[in-house]
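# Only the shape, not the letters, is given here:
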C-alpha cells in the first residue's frame, strides 16, 4: 500500500500540472472503487479552476472554490499525467482533464485492486478537516506540531506495542508498516515494547528517526515493492536502503545478527533483536 512518502511524491508530481488549471472534462469508467464515485462531478466540476493540491496523511486533496476532491490510492493505485488521446488501459478508472488555456493534460487514476477512492467534499458541508476520513487523523510527522513531547504525552496510557500505536494513525499520521519498521530500527526501539514504557529520551530518538526516514524516502521517490510508480512512470528507490523491512533472515546491516520477522496485528514486523531493545 502506498504510504505517506509515496503519496507526497505523487502530490509533488501532479501539483505543477493541476494548480491554476481549469477542468475540461471528468471521466468515470465504473460506478466506483472502494466507495461509489461522485458521478455528479462529471458535469459540476467542468469549468472550475484548481486552487491547490494538498495532502492529509495518505489522502490527496485537490481544492476548488466549491469543494475538495479527495483521492486515496488504496493498495495498488497510482496517478499519471498524460497528454490527451492516450487510450485508457484496463484498470484506468478515472480521468481529470485540465487545461491551462493553451494545452490539455489528463490526470489518470490506475487501480488494479480497486481499493482506492475518489470522493467529493463540498465547502458548504463544513471544514474539510472534519470529513469522516480525516477528522481522526493525528499530526503530520513532517510538520512542526509533531514532536517527541507529543509522542511521550499521548502514549502514557497506551500499553499496546509501539509499532501498533504508530500504525493506528491517531497520534501521528502516515507512518505505515514499512516506515514504522525502519524508524523503530533507527531509534533502537523493539517494536514489541509497550508504548507507555518508552521514556522521553527514547521518544526523542524516535521522533527524529521518523522525520529522517520519511524525508529520505520522499527524496528517493518512495518505495516500489509491487505497484507504486511516480507520476512520471518511474519507480521509487528507497527499498534499496531498507535496514530491516522485508529482510527476514538476512544479517543486520549494523551488527550481523539475522533480522527477525513476526506478526503484529496481521502485519509483518521486521526488526533486529540485538540492535532494538
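On my side now, so go ahead. As the structure is a computational prediction, the values presented were derived from the model and not from experiment.

# tell me which element residue 53 falls in.
Secondary structure from DSSP states H and E places residue 53 in strand 52-56.

# likewise residue 262?
In the assignment (DSSP H and E), residue 262 maps to strand 260-264.

# Identify each buried residue in stretch 88-108, please.
92-98, 105-108 (16 or more other Cβ atoms under 10 Å). For the C-beta atoms, the positions are set from N, CA and C on the backbone; glycine is no exception.

# do the same with stretch 251-265
By neighbour count on 16+ other Cβ under 10 Å, the buried set for stretch 251-265 is 252, 259-261, 264.

# what pLDDT, on average, does it get?
Mean pLDDT, stretch 251-265: 97.

# Show me what it is in contact with.
For stretch 251-265, the surrounding residues in contact (Cβ atoms under 8 Å, 6 or more residues apart in numbering) are 161, 163-164, 167, 191-192, 243-244, 247-250, 268-275.

# one step back: return the distance of the strand holding residue 262 from the chain's centre.
The chain centre lies 23 Å from the centre of strand 260-264; the measure is Cα atoms, centre = their mean, to the nearest Å.

# Would you mind identifying the next helix or strand past it?
With DSSP H and E, the next secondary element past strand 260-264 is strand 267-271.

# buried stuff in that following strand?
So strand 267-271, judged by 16+ other Cβ under 10 Å, has buried residues 269-271.

# next one: stretch 179-193
Within stretch 179-193, the residues that qualify as buried by neighbour count (16+ other Cβ under 10 Å) are 179-187, 189-193.

# What's the local residue count around residue 128?
As a burial measure, residue 128 scores 20 neighbours (other Cβ atoms under 10 Å).

# Ends of stretch 264-275, what's the gap?
By Cα to Cα, to the nearest Å, the extent of stretch 264-275 from end to end equals 19 Å.

# And the longest helix along the chain, what does it pack against?
In the chain, with assignment by DSSP state H, the single longest helix is helix 200-219. Where contact means 3 or more Cβ pairs under 8 Å, 6 or more residues apart in numbering; DSSP states H and E, helix 200-219 is packed against helix 4-18, helix 148-154, helix 177-187.

# what does the shortest one rub up against?
Which is helix 148-154. So helix 148-154 is in contact with 139, 171-172, 198-200, 203-204, 206-208, going by Cβ under 8 Å, 6+ apart.

# Can you tell me which of those residues comes closest to residue 116?
When these are compared for distance to residue 116 (Cβ to Cβ), residue 172 wins out at 23.1 Å.

# wait, that closest one sits on residue 166?
Yes - counting by Cβ atoms under 8 Å, residue 166 is a contact partner of residue 172 at 6.8 Å.

# So for the two, which residue has more residues nearby?
For the pair residue 172 and residue 166, the greater number of neighbours falls to residue 166 (28 against 25), based on other Cβ under 10 Å.

# so the more buried one is in which element?
helix 162-168.

# likewise residue 23?
Secondary structure from DSSP H and E places residue 23 in strand 22-28.

# next one: that strand to chain centre, how far?
From the chain centre to the centre of strand 22-28 is a distance of 24 Å (Cα atoms, centre = their mean).

# Can you mark which positions in that strand are buried?
Applying a neighbour-count criterion of 16+ other Cβ under 10 Å, one finds 22-24, 26, 28 buried in strand 22-28.

# Can you name the secondary structure element that comes next after that strand?
Once the chain leaves strand 22-28, the next helix or strand it forms, by DSSP H and E, is helix 41-44.

# And the contacts of that next one?
26-28, 66, 69, 120.

# and the two most separated of these?
So, the contacts of helix 41-44 by Cβ to Cβ: farthest apart are 27 and 66, at 19.3 Å.

# per-residue confidence averaged over stretch 125-140?
Mean predicted confidence for stretch 125-140 is 96.

# measure it end to end?
For stretch 125-140, the first and last residues are 24 Å from each other (Cα to Cα).

# quick one: the closest residue to residue 192 other than its chain neighbours from residue 214, how far?
Here the nearest residue to residue 192 in space, its sequence neighbours aside, is residue 161; by Cβ to Cβ, 6 or more residues apart in numbering that works out to 5.0 Å. Using Cβ to Cβ, to the nearest Å, one gets 20 Å for the distance from residue 161 to residue 214.
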